[in-house]
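J.: with the input below, show me the fold.
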Amino acid sequence: MTSYTFRPVSLPDDSALLHSWIATEHASFWGMPNATEKEIEAEYRTLLSTPGYEVLLGIDASGDEKFLVELYDPAASPLADAYNYVRGDRGLHFLAPEAATPQPGFTLEALAAAMVQAFALPGTERIIVEPDVRNKAIHALNARVGFRPVRPVELPEADGSIKQALLSICTRQDFENATGRRLESSFLSPVRWDIANRHVLAKALGEFSHERLLEPAEHGDSRYSVQKDAHRYSFSAQRYQLNHWMVSPKSVEHHVFVDGSWQPADADAIEFITLFAEELTLSPAQLPTYLEELSSTLSSHCYKQVHATHDSAQLAEFNGSAAQSFQLIESSMTEGHPCFVANNGRMGIGRTDYLKYAPETGAALHLGWAAAHKSRAQFDAIDSLDYEGLLASELYPAERQRLDAVLEAALFGTGLAAEDYLFIPVHPWQWENRLSITFANDIARKQLIWLGSGADEYQAQQSIRTFFNLSNPRRHYVKTAMSILNMGFMRGLSAEYMKVTPAINQWLGELFAKDPVLSTQPVALLREIAAVGYRNPQFEAATAKSDPQRKMLAALWRESPISLLGPDEKLATMASLLHVDASGRSFAGALVRRSGLAPAEWLSRYLDAYLIPLVHCLAAYDLVFMPHGENVIMVLENGVVKKVLLKDLGEEIAVLSDRVELPEEIRRVRTGGDPVLSVFTDVFDSFFRFLAPLLDAEGLLSEAEFWKTVVDRLLDYRGQHPQFADRFDELGLFAQSFPLSCLNRLQLRNNQQMLDLADQSGGLLYAGDLENPLATVAAPVS
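T.: Got it, this is the predicted structure:
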């Protein structure tokens with residue numbers, strides 16, 4: 001195998017060489033067969049001045065130039081509008097000049113060497129090529145190194161013509177499978193691994209101290225330490241209300257006591273968790289799986305370091321369409337759930353699957369479709385929608401015809417009828433890794449039939465199993481089952497829960513529409529308008545209701561926010577407010593600065609859209625949501641929150657008393673529990689505890705001003721709606737303290753299933769009380 005090295009093209013030194021290769025009939029597809037040397041030099045000067053564009057010459061062992069390689073950023077090229085760009089994509093042009101004496105295998109080895117060079121660039125995950133559709137020779141060569149054709153595309157040329165090109169993509173796995181060559185990871189490196197470990201260690205020290213699993217010793221000047229046996233971890237931290245620790249990752253130091261003195265050692269998060277396993281209440285049975293989740297979280301952080309292409313200020317510009325900017329923000333977040341330490345576990349996802357399906361990759365994928373026999377599948381929807389109406393809105397006629405034809409062909413000669421089947425969207429990972437094996441009995445007996453991939457491209461949201469339609473953003477979200485372990489739960493989807501999900505959403509939508517306060521507030525619902533679930537009677541006979549085998553095949557459709565937007569309105573999940581870029585600037589801070597409003601006024605508008613409707617639902621109906629950051633989508637204009645959209649309603653709302661009459665079919669939403677904990681725990685401790693310090697640290701709004709603004713908005717609600725004043729006071733929002741509900745303790749106790757979803761409040765773990773920051777600001781007016 002010939003070995004090649006690479007050097008950048010140098011002009012004008014290489015102008016004659018380039019001219020001899022390009023201005024030829026052999027290179028006619030490069031479009032310059034009659035160009036002069038000066039014209040080619042001018043063209044390449046332009047290319048070299050383009051940001052992110054590299055022009056390289058492949059050099060053999062004798063030092064001779066043998067071929068040309070161009071590497072470029074597809075997002076800054078005509079390709080940008082022709083396909084769904086993914087972080088880590090790199091465009092490639094390859095030219096092997098015509099040789100006087102052809103060498104067998106030369107072009108294959110040269111292209112493979114060019115691919116290795118491209119994949120060696122930091123963050124490169126896929127290679128994109130777009131050769132002329134007529135260039136059959138290069139298509140065949142591309143296939144030999146792993147390229148997969150995607151589709152023909154039309155690309156504008158500099159001279160105004162249109163190039164008919166074949167878009168093809170090669171992943172690392174494709175290249176390795178085709179060539180037998182093993183590539184280094186593009187994002188795992190000693191430097192990035194150390195940064196990831198410090199980040200996770202800082203989070204662990206802060207959150208485990210918050211939950212009172214660790215008790216750091218104070219040493220003055222904001223320095224603290226925890227120690228066990230011969231190990232000491234010291235760090236700097238700012239302390240805030242709600243026992244919040246903002247630990248500086250760079251400040252974390254690990255020392256080991258050796259030969260009578262403390263010696264510096266690696267800051268390793270896995271070693272730290274193993275050492276303090278007993279203090280963290282991790283049983284020997286739980287520890288290994290938790291460490292796997294932690295390792296996955298660390299690896300994910302390394303990927304995000306490489307692919308953090310936009311800082312917070314750039315994200316706050318909301319460039320592109322509302323759908324494009326929304327999905328860029330969604331894939332740019334570098335942190336999972338703010339409270340959990342191991343928050344990117346995703347157990348079951350391998351390297352190749354990670355690059356296909358992880359939200360932070362921003363990858364576009366095609367969901368699959370399966371046909372399920374009605375004896376085992378059930379479709380449910382809101383009253384205004386039926387099965388055929390849903391499919392008509394989600395599938396183009398030609399695609400529906402294609403799926404029908406595949407089903408008819410699969411049933412030929414069986415005596416089974418196509419009209420006895422329901423279509424179910426399926427995550428491709430779920431079909432390949434779980435359903436095709438676990439439900440083999442159903443597949444063999446034609447109870448379940450794989451129909452292939454759908455036409456639309458989707459992007460995974462932060463919740464990984466929920467998808468936004470990139471091809472047609474006004475179409476519904478699709479939420480699927482994905483049997484991976486992540487953050488204390490198997491991320492399946494229960495057929496039992498799905499059958500009443502649309503009814504819950506319909507009831508809730510009607511309540512919001514009729515309520516005189518909610519109907520005038522800057523809040524709305526993204527309803528889950530249809531669902532389909534598949535039940536396997538054999539597994540149901542062998543399992544309990546909460547077992548993962550009962551949650552392997554179901555899907556729901558949720559309304560898209562795109563159709564609700566005005567001309568200048570943009571979208572971002574509330575979770576993005578807590579995103580912090582590499583320079584330490586938060587997305588929330590960037591929005592405040594962009595808005596031009598006084599920070600307290602910006603916060604007031606956000607609270608009126610988010611907090612006040614939640615409190616009203618409590619006061620009027622004892623109705624609670626799970627209002628964490630990913631369950632809330634903000635509608636913004638010029639950085640200002642104009643409205644919030646609440647989602648994930650079917651599984652995560654509850655009515656905590658019998659004051660509200662419920663339809664019999666949705667009685668499962670009536671549960672017990674303390675209503676005010678949904679505000680104290682889910683809003684104050686799980687979100688505002690992080691948001692207030694971010695604004696404080698950036699000098700935008702002090703922590704005291706933050707909580708005073710919260711008090712002011714709550715009291716304004718009470719004054720504006722005296723009919724609810726008594727019930728508002730009964731909630732006790734200004735109590736001196738409230739119980740500290742510990743989320744990490746739940747995951748540390750059982751990282752397979754933190755809670756029984758049918759009795760979430762009954763399984764919570766507490767660790768004393770937290771002082772209520774509202775009580776230190778003001779008392780309610782009586």
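J.: shaky segments in the stretch 401-550 of the chain?
T.: For the stretch 401-550 of the chain, the stretches with pLDDT under 70 are 487-490.
J.: same thing but at 90, please
T.: Where the stretch 401-550 of the chain drops to pLDDT under 90, the residues are 462-464, 483-498, 537-550.
J.: and the helices in it?
T.: Ranges of helices within the stretch 401-550 of the chain are 428-430, 436-438, 440-444, 495-498, 501-514, 537-542, based on DSSP state H, counting those that start in this stretch.
J.: ok, residues contacting stretch 24-36?
T.: 19, 21-23, 39-40, 43, 95, 97-98, 131-132, 134-135, 138, 157, 159 (Cβ atoms under 8 Å, 6 or more residues apart in numbering). (Glycine included, C-beta is placed from N, CA and C.)
J.: among the residues you listed, which lie within strands?
T.: residue 95 (DSSP state E).
J.: show me just the buried residues among the contacts of stretch 24-36.
T.: 19, 21-23, 40, 43, 95, 97, 131-132, 138 (16 or more other Cβ atoms under 10 Å).
J.: just give me how far stretch 439-458 sits from the chain centre.
T.: 25 Å (Cα atoms, centre = their mean, to the nearest Å).
J.: buried residues, stretch 260-277. List them.
T.: 265, 267-277.
J.: before we move on, what about stretch 639-659?
T.: 639-656.
J.: cool, and stretch 188-200?
T.: So stretch 188-200, judged by 16+ other Cβ under 10 Å, has buried residues 192-193, 195-200.
J.: do the same with stretch 214-223
T.: 214, 216.
J.: quick one: contacts of it?
T.: Stretch 214-223 is contacted from outside by 205, 208-209, 224-227, 234-239, 245, 276, 279, using Cβ under 8 Å, 6+ apart.
J.: show me which of those residues are buried.
T.: Looks like the contacts of stretch 214-223 have 205, 208-209, 224, 226, 234-237, 245, 276 buried, using 16+ other Cβ under 10 Å.
J.: most widely separated two among those residues?
T.: 236 and 276 (19.5 Å; Cβ to Cβ).
J.: care to break the chain down by domain?
T.: What automatic domain parsing lists as the domains of the chain is 5-179, 190-332, 351-771.
J.: need those in JSON lines with distance to residue 341, can you?
T.: Converted to JSON lines, the domains of the chain look like this (distance: least, Cβ to Cβ, whole Å):
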{"stretch": "domain 5-179", "distance to residue 341": "25"}
{"stretch": "domain 190-332", "distance to residue 341": "5"}
{"stretch": "domain 351-771", "distance to residue 341": "6"}
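J.: residue 344 is nearest to which of those domains?
T.: Comparing the domains of the chain by Cβ to Cβ, domain 190-332 comes nearest, at 4.1 Å.
J.: among the contacts of stretch 214-223, which are in strands?
T.: 224-227, 234-239, 245.
J.: using CSV, lay out those together with distance to residue 9.
T.: Shown next, in CSV, are the ones in strands among the contacts of stretch 214-223 (distance: Cβ to Cβ, whole Å):
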residue, distance to residue 9
224, 54
225, 55
226, 55
227, 57
234, 51
235, 49
236, 48
237, 51
238, 51
239, 56
245, 52
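J.: for the buried ones among the contacts of stretch 214-223, which one is nearest residue 587?
T.: Using Cβ to Cβ, these come closest to residue 587 at residue 245, 21.4 Å.
J.: can you give me the helices for the stretch 1-150 of the chain?
T.: 15-22, 37-48, 106-119, 136-144.
J.: out of these, deepest packed?
T.: Counting by mean count of other Cβ atoms under 10 Å, helix 106-119 has the highest mean neighbour count of the helices of the stretch 1-150 of the chain, with a mean of 21.
J.: residues in contact with it?
T.: Residues contacting helix 106-119 (Cβ under 8 Å, 6+ apart): 1-4, 6, 56, 58, 66-67, 69, 71, 90, 92, 94, 96, 99, 124, 127, 141-142, 144-146, 170, 172, 175, 179, 181, 183, 186.
J.: quick check on those residues: which are buried?
T.: 4, 6, 56, 58, 66-67, 69, 71, 90, 92, 94, 96, 124, 127, 141-142, 145-146, 170, 172, 175, 179, 181, 186.
J.: so residue 729, which of the three states?
T.: Using DSSP: H, G, I helix; E, B strand; the rest coil, the structure places residue 729 in helix.
J.: just the strands in the stretch 651-782 of the chain please.
T.: Assigned by DSSP state E, counting those that start in this stretch, the stretch 651-782 of the chain shows strands spanning 654-655, 737-741, 766-771.
J.: tell me the pLDDT at the residue lying closest to residue 696 once chain neighbours are set aside?
T.: Among residues not flanking residue 696 along the chain, residue 703 sits closest, at 4.7 Å (Cβ to Cβ, 6 or more residues apart in numbering). Note on residue 703: pLDDT of 96.
J.: quick one: contacts for residue 681?
T.: So residue 681 contacts 738-739, 741 (Cβ under 8 Å, 6+ apart).
J.: switch to 7 Å and redo it
T.: residue 741 (Cβ atoms under 7 Å, 6 or more residues apart in numbering).
J.: over to residue 446?
T.: 411, 414, 416.
J.: TSV for the buried residues of stretch 260-277, including secondary structure?
T.: Shown next, in TSV, are the buried residues of stretch 260-277 (three-state DSSP):
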residue	secondary structure
265	strand
267	coil
268	coil
269	helix
270	helix
271	helix
272	helix
273	helix
274	helix
275	helix
276	coil
277	coil
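J.: if we only consider those residues, which is nearest to residue 768?
T.: Using Cβ to Cβ, the buried residues of stretch 260-277 come closest to residue 768 at residue 276, 19.7 Å.
J.: how far away is the closest one from residue 285?
T.: 17 Å (Cβ to Cβ, to the nearest Å).
J.: residue 248: how many residues sit nearby?
T.: Counted by other Cβ atoms under 10 Å, the residues lying close to residue 248 total 15.
J.: wait, it sits on residue 224?
T.: No: assessed by Cβ atoms under 7 Å, residue 248 is found out of contact with residue 224, at 10.9 Å.
J.: quickly list what's touching both of these two.
T.: 235, 237.
J.: so which bits of stretch 595-611 are buried?
T.: 595, 597, 599-600, 602-611.
J.: for residue 69, see how far away residue 370 is.
T.: Residue 370 is 43 Å from residue 69, by Cβ to Cβ.
J.: which single one of the buried ones among the contacts of stretch 24-36 is nearest to residue 524?
T.: residue 131 (47.3 Å).
J.: so the closest one touches residue 166, yeah?
T.: Yes: look at residue 131 against residue 166 with Cβ under 7 Å: they come within range, at 6.1 Å.
J.: could you name every residue contacting both of the two?
T.: In contact with both residue 131 and residue 166: residue 139, using Cβ under 7 Å, 6+ apart.
J.: follow-up on the earlier one: tell me which two in the contacts of stretch 214-223 are the farthest apart.
T.: 238 and 279 (23.2 Å).
J.: as a markdown table, the helices of the stretch 401-550 of the chain with distance to residue 465 would be great.
T.: Listed next are these as a markdown table, based on distance: least, Cβ to Cβ, whole Å:
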| stretch | distance to residue 465 |
| --- | --- |
| helix 428-430 | 9 |
| helix 436-438 | 17 |
| helix 440-444 | 21 |
| helix 495-498 | 13 |
| helix 501-514 | 15 |
| helix 537-542 | 20 |
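J.: quick one: which of these is nearest residue 664?
T.: helix 501-514 (10.0 Å).
J.: ok so, going back, for the buried ones among the contacts of stretch 24-36, which one is nearest residue 535?
T.: Nearest member of the buried ones among the contacts of stretch 24-36 to residue 535, counting by Cβ to Cβ, is residue 131, at 48.7 Å.
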